[in-house]
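A.B. asks: model the structure of this input:
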Amino acid sequence: MKHLKKPHWQILIALIAAVIAGAWLRTVPTESAVHQGFITGSKFVGDIFMNALKMIIVPLVVSSIISGIGGVGKVEGFARLGGKTLLLYTLSSLIAVCIGLTAVNTLKPGLEDGKPNTTIKAAIEQEAANLEDAGASKEKLERVEQAKKDGFAPIADIFKRMFPPNIILAASQGQMLGLIVFSILFGIAMTRLDGSMGQTMQHVIQGVNDIMITLTHWVMLAAPIGVFGLVTPTIAAAGGEIFYALGRYFVTVLAALATHFLVAMPLLLLLLARVDPVRHFRAMRDALLTAFSTASSSATLPVTMECVQENAKVSQRVSSFTLPLGATVNMDGTALYECVAVMFIAQVLGYDFTLATQFSIVLLALLTSIGVAGVPSASLVAIVVIMQSVDIKGAEAAIAVLFSVDRLLDMSRTAVNVFGDSCAAVIIGKSEGESQILKDESAL
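C.D. replies: Numbering: from 1, shown residues only. This is a model prediction of the structure:
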């Protein structure tokens, strides 16, 4: 019973309960009051939990970054920190995309007996025909356009988002990149204040950060209930003939994600940080389960920062910079998934890409993953952009088919995204000479 008091066990139990409840709901008629009431209630609870997590993101990130810079007091150290962070994020994302490309070329999930899978191809063609009908296409086209507006930004626009014209509006819209840049500039300017004024500001910001950490603890007390509410509707909606037809694609994505999660990132921890990967897995349990449940790296950010700072013992100076930036631009699982999805659709539709074209897909996956928002299923829009760039026809129709199994894959790749960010924080922290990382057994 003592173990059940730990958050990760409670969240895991909630996940199992959600799977059981979702499976039971699949046996209940969807039009019945029981089914609709259970789903509505679950979504209501899940939405409240997600809103609570999102509520604390902005003040937590801003106060953490500013207090971290104020505690150091030197700009030079953060320039070095930024260079290491970007280099490591590029390396881990490149490894992830290469793993995805290898998996999809080896397992060939889009082929059946060496030929394009006729069942999936027929589903895509049917969806394309539906999209041609004005009445049937209106809702889906609106969803794609809204996703393009909210979930994906062209590469050039990323630099514009670094300097939002209205920081309050950027905060309300969750534009993390602009908030990060503003917080860095604010922190640097604060270190230039003379005398007691600078110290007073530092104490105030540090106090706000401590308060936000306490609020994170409070929100996580409701995590098991929130996780149940988020996962139950997902399990209840999963299934169908197309789900089984996409089985090999589903397995290919999961195998590639597992390879990056269980092999590539632990090797980087061993080689670059000289730490035990198992200890880091244990330190990140709460964040990984929350990421899997919410399918949102942004919403998980408060929990990620808590786990990295309190369990892994990475300093606030390093974690407050690397983790918010990682939740914005470092998407290992997303980049891997985009590569696999594009190649899978190409196989189904009969495209035979050369190595040069596949290499361009790798680069596009790396670049577009930066512009994907940390919200559920935003990467589907990036896949449309990649497909259009390599001249694959029927992008929207193909995405509509993949959407049927995307939620479960999205949950998995979000956990990979979060784990990649945390690994980067550990590696960079060790490179900065932090010897206390992953040493405290009691914190794990």
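
A.B. asks: any weak-confidence spans in the stretch 151-300 of the chain?
C.D. replies: The stretch 151-300 of the chain contains residues with pLDDT under 70 at 151-158, 174, 238-244.

A.B. asks: which residues in it form helices?
C.D. replies: Along the stretch 151-300 of the chain, counting by DSSP state H, counting those that start in this stretch, helices occupy 155-161, 167-172, 176-190, 195-221, 223-237, 241-245, 247-259, 265-268, 277-283, 285-294, 297-306.

A.B. asks: ok, residues contacting stretch 80-90?
C.D. replies: Contact with stretch 80-90 is made by 317-318, 321-322, 325-326, 329-330, 366, 424, 427-428, 431-432, as judged by C-beta atoms under 8 Å, 6 or more residues apart in numbering. Backbone N, C-alpha and C define where each C-beta goes, glycine included.

A.B. asks: quick one: that stretch to chain centroid distance?
C.D. replies: Put simply, stretch 80-90 sits 19 Å off its chain's centre (C-alpha atoms, centre = their mean, to the nearest Å).

A.B. asks: before we move on, the earlier item: from the contacts of stretch 80-90, which ones fall inside helices?
C.D. replies: Members of the contacts of stretch 80-90 lying in helices (criterion: DSSP state H): 317-318, 321-322, 325-326, 329, 366, 424, 427-428, 431.

A.B. asks: of these, which is the most crowded?
C.D. replies: Within these, most neighbours by other C-beta atoms under 10 Å means Ala424, with 30 neighbours.

A.B. asks: got a list of what that one touches?
C.D. replies: Ala424 touches 85, 88-89, 92, 322, 326, 330, counting by C-beta under 8 Å, 6+ apart.

A.B. asks: can you do 6 Å?
C.D. replies: Going by C-beta atoms under 6 Å, 6 or more residues apart in numbering, Ala424 touches 88, 322, 326.

A.B. asks: so what's the second one closest to, chain neighbours aside?
C.D. replies: If you skip the residues right next to it in sequence, Thr322 has Ala425 as its closest partner in space, 4.6 Å away by C-beta to C-beta, 6 or more residues apart in numbering.

A.B. asks: over to the last one?
C.D. replies: In this structure, Gly326 finds its nearest non-sequential neighbour in Asp421, 3.3 Å apart by C-beta to C-beta, 6+ apart.

A.B. asks: got a pLDDT number for the one you found?
C.D. replies: Note for Asp421: predicted pLDDT of 94.

A.B. asks: buried sites along the helix or strand harbouring it?
C.D. replies: Assessed by DSSP states H and E, Asp421 sits inside helix 395-431. Within helix 395-431, the residues that qualify as buried are 395-402, 404-430, counting by 16 or more other C-beta atoms under 10 Å.

A.B. asks: next, the angle helix 223-237 makes with that helix.
C.D. replies: Angle, helix 395-431 to helix 223-237, by axes from the mean of the first three to the mean of the last three C-alpha atoms, to 10 degrees: 150 degrees.

A.B. asks: show me what the longest helix along the chain is packed against.
C.D. replies: If you go by DSSP H, the chain has its longest helix at helix 33-72. Counting contacts by 3 or more C-beta pairs under 6 Å, 6 or more residues apart in numbering; DSSP states H and E, helix 33-72 packs against helix 176-190, helix 195-221, helix 223-237, helix 297-306, helix 316-329.

A.B. asks: got JSON lines for those helices, with distance to Ala283 too?
C.D. replies: JSON lines is the format used below for the helices and strands packed on helix 33-72 (distance: least, C-beta to C-beta, whole Å):
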{"stretch": "helix 176-190", "distance to Ala283": "23"}
{"stretch": "helix 195-221", "distance to Ala283": "15"}
{"stretch": "helix 223-237", "distance to Ala283": "17"}
{"stretch": "helix 297-306", "distance to Ala283": "11"}
{"stretch": "helix 316-329", "distance to Ala283": "12"}
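
A.B. asks: Ala189 versus the residue sitting furthest away from the middle of the chain, what's the distance?
C.D. replies: Here the chain reaches farthest from its C-alpha mean at Gly195, the gap being 41.6 Å by C-alpha atoms, centre = their mean. To Ala189, Gly195 is 15 Å away according to C-beta to C-beta, to the nearest Å.

A.B. asks: now swap in Arg407 and tell me
C.D. replies: Distance, Arg407 to Ala189, by C-beta to C-beta: 43 Å.

A.B. asks: same deal with Ile428?
C.D. replies: In terms of C-beta to C-beta, Ile428 sits 24 Å off from Ala189.

A.B. asks: could you do Glu112 as well?
C.D. replies: Distance, Glu112 to Ala189, by C-beta to C-beta: 61 Å.

A.B. asks: neighbour count for the two, which is higher?
C.D. replies: Remark: of Glu112 and Ala189, Glu112 carries more neighbours, 17 against 13, as counted by other C-beta under 10 Å.

A.B. asks: would you list every one of the helices in the stretch 1-150 of the chain?
C.D. replies: Applying DSSP H, counting those that start in this stretch to the stretch 1-150 of the chain gives helices spanning 7-25, 33-72, 75-107, 118-132, 134-151.

A.B. asks: in the longest one, what's buried?
C.D. replies: If I follow you right, that is helix 33-72. In helix 33-72, counting by 16+ other C-beta under 10 Å, buried: 35, 38-39, 42, 45-46, 49-50, 52-54, 56-72.

A.B. asks: what sits against the residue nearest to Thr322?
C.D. replies: Residues near Ala425 by C-beta under 6 Å, 6+ apart: 308, 314, 318-319, 322-323.

A.B. asks: and these as CSV, adding pLDDT and distance to Arg274?
C.D. replies: Formatted as CSV, those follow (pLDDT from 0 to 100; distance: C-beta to C-beta, whole Å):
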residue, pLDDT, distance to Arg274
Val308, 94, 18
Val314, 94, 15
Val318, 88, 16
Ser319, 89, 19
Thr322, 89, 18
Leu323, 89, 21
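
A.B. asks: between those residues, which is closest to Ala245?
C.D. replies: Closest to Ala245 out of these is Leu323 (38.4 Å), distances taken as C-beta to C-beta.
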